[in-house]
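*Asks:* curious how this folds, go ahead:
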Amino acid sequence: MITITPGDPRDPQATALLQASHTLMQSLFDAGDCHYLEISDLCVPSVQFFVAQKDKQTVGCAALSNKGDYAEIKSMFVDPNMRGLGIADLLINHLLAEAKELGVTDIKLETGNPLEAAIRLYKRHGFVECTAFGEYETADASVFMTKPLGA
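*Replies:* Down below sits the predicted model:
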């Protein structure tokens, strides 16, 4: 059984996943196109961090950053050995529920063109492409997506 619970990015298992994600991003993108949060940036009051666990092992993680009128998905990553088990879907559903609890009107994200599986995941959950938002600038490597949360 896979559970989604609040987590601590400084926990060694979560840190290992985040570092694997950072390494992947650095291998795929130029430095200016890597928009992940450092572990310390995930430990602030405006960010909620969640882990997916299977048999007491952290197998996925995701964060939700409260931006006031919208929330942004950050640091979503599933252990490559655990993909295909629906963990990403569980994480997305959890983040959507948390965003609704925050009372924001939209949930947004930035991902990269090479991350085709991630883009398919987000589209499957009702996200659509949009223009750059917040502090992001339009970039060839970036895909910006949004989903209105409704009432």
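*Asks:* quick one, phi psi at S65?
*Replies:* Main-chain dihedrals, S65, degrees, to the nearest 10: phi -100, psi 120.
*Asks:* that one reaches V47, doesn't it?
*Replies:* Yes - under the contact definition of Cβ atoms under 8 Å, S65 touches V47, with a separation of 5.0 Å. Yep, even glycine has a C-beta here, placed from its N, CA and C like the rest.
*Asks:* of those two, which one has the most company?
*Replies:* Regarding S65 and V47, a neighbour count based on other Cβ atoms under 10 Å identifies S65 as having more, with 21 against 18.
*Asks:* would you quantify the distance from the more buried one to V104?
*Replies:* 11 Å (Cβ to Cβ, to the nearest Å).
*Asks:* circling back: now do the shared contacts for S65 and V47.
*Replies:* When contacts are counted by Cβ atoms under 8 Å, 6 or more residues apart in numbering, the set common to S65 and V47 consists of 37, 74.
*Asks:* quick one on the thing from earlier: what sits in contact with each of S65 and V104?
*Replies:* Overlap between the contact sets of S65 and V104, as judged by Cβ under 8 Å, 6+ apart, is given by A71.
*Asks:* tell me how far the residue nearest to L28 when sequence neighbours are not counted lies from D140.
*Replies:* Computed as Cβ to Cβ, 6 or more residues apart in numbering, the closest residue to L28 that is not its neighbour in sequence is P114, at 5.1 Å. Distance from P114 to D140, counting by Cβ to Cβ: 11 Å.
*Asks:* more crowded one of these two?
*Replies:* For P114 and D140, the more surrounded residue by other Cβ under 10 Å is P114, and the numbers stand at 15 against 7.
*Asks:* how about the strands in this structure?
*Replies:* For the chain, the strands identified by DSSP state E occupy 2-6, 47-54, 57-66, 70-78, 106-112, 128-130, 142-148, in order along the chain.
*Asks:* okay, the fourth one in CSV with CA atoms only?
*Replies:* What it means is strand 70-78. Provided in CSV are the C-alpha atoms of strand 70-78 (Å, rounded to 0.1, in the frame of the first residue of the first chain):
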residue,chain,number,x,y,z
TYR,A,70,-2.5,30.3,-6.6
ALA,A,71,-0.4,27.3,-5.5
GLU,A,72,2.6,25.9,-7.5
ILE,A,73,3.6,22.3,-7.7
LYS,A,74,7.4,21.9,-7.0
SER,A,75,9.8,19.1,-6.5
MET,A,76,7.6,16.3,-7.8
PHE,A,77,9.6,13.1,-8.3
VAL,A,78,9.1,9.4,-8.1
